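Enquirer: Pasted the sequence and its predicted model underneath.
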Amino acid sequence: MSTVTLSRKFEFSSSHRYWRADWSDDQNAATFGLCALPNGHGHNYTLEVSVSGQPDPDTGMVINLVDLKDAVDSVLTEFDHKHLNLDTSYFDADIPTTENFAVVLWRLISSAIIATGSKSKTCNLRRLRLYETSDLYVEYTGEFE
């Protein structure tokens, strides 16, 4: 049977600050520029979630779209309209760059999809594409886990 990849987009907003406490103010400013401002800044993110698998013979679906939406929404509620540095613990040790954020989202969404108990047991998270702006995105496939 053929493997099919299904993708869906989600939108949410978060703010963050790029900052290393072990660096001086000057080093942070030189490295991160405006991203190091004390109050941080925000983005309207777009997240593309792609899952792959064999379509279920009874439904023809790789995953029920309601299950996928519920799984991703359950994760995004932790980040939507939140300051990533201040309102979450995911970036206590890491800077909330788009790269690091994509890795955090991968771990959480992958677990949430498994927890849905989707009828299609062959469904796997294939790719995340996190857009910080319309022309800047990070793509992550979990390959460095």
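Expert: Everything's here; your move.

Enquirer: Wait, a helix at Thr31?
Expert: Yes: with the criterion set as DSSP: H, G, I helix; E, B strand; the rest coil, the secondary structure at Thr31 is a helix.

Enquirer: burial count for the nearest residue to it once chain neighbours are set aside?
Expert: Computed as C-beta to C-beta, 6 or more residues apart in numbering, the closest residue to Thr31 that is not its neighbour in sequence is Trp23, at 7.4 Å. Where C-beta positions appear, they are placed from N, C-alpha and C, glycine not excepted. By other C-beta atoms under 10 Å, the residues close to Trp23 number 14.

Enquirer: so how far is Lys69 from Val75?
Expert: 11 Å (C-beta to C-beta, to the nearest Å).

Enquirer: Looking at these two, which one has more neighbours?
Expert: Val75 (22 against 14).

Enquirer: Now do the same for the more buried one: helix, strand or coil?
Expert: Of the three states, Val75 takes helix under three-state DSSP.

Enquirer: and what of Val104?
Expert: Following three-state DSSP, we place Val104 in the helix state.

Enquirer: That one: neighbour count?
Expert: Val104 sits with 20 neighbouring residues when counted by other C-beta under 10 Å.

Enquirer: what's the nearest residue to it once chain neighbours are set aside sitting at in phi/psi?
Expert: Distances taken as C-beta to C-beta, 6+ apart place Tyr90 nearest to Val104, at 4.9 Å, with adjacent residues excluded. Main-chain torsions, Tyr90, degrees, to the nearest 10: phi -70, psi -20.

Enquirer: ok, so what distance separates Tyr90 from Phe79?
Expert: Taking C-beta to C-beta, one finds Tyr90 at 8 Å from Phe79.

Enquirer: now Asn44
Expert: 12 Å.

Enquirer: Identify the contacts common to these two.
Expert: Counting by C-beta atoms under 8 Å, 6 or more residues apart in numbering, the shared contacts of Asn44 and Phe79 are Phe12.
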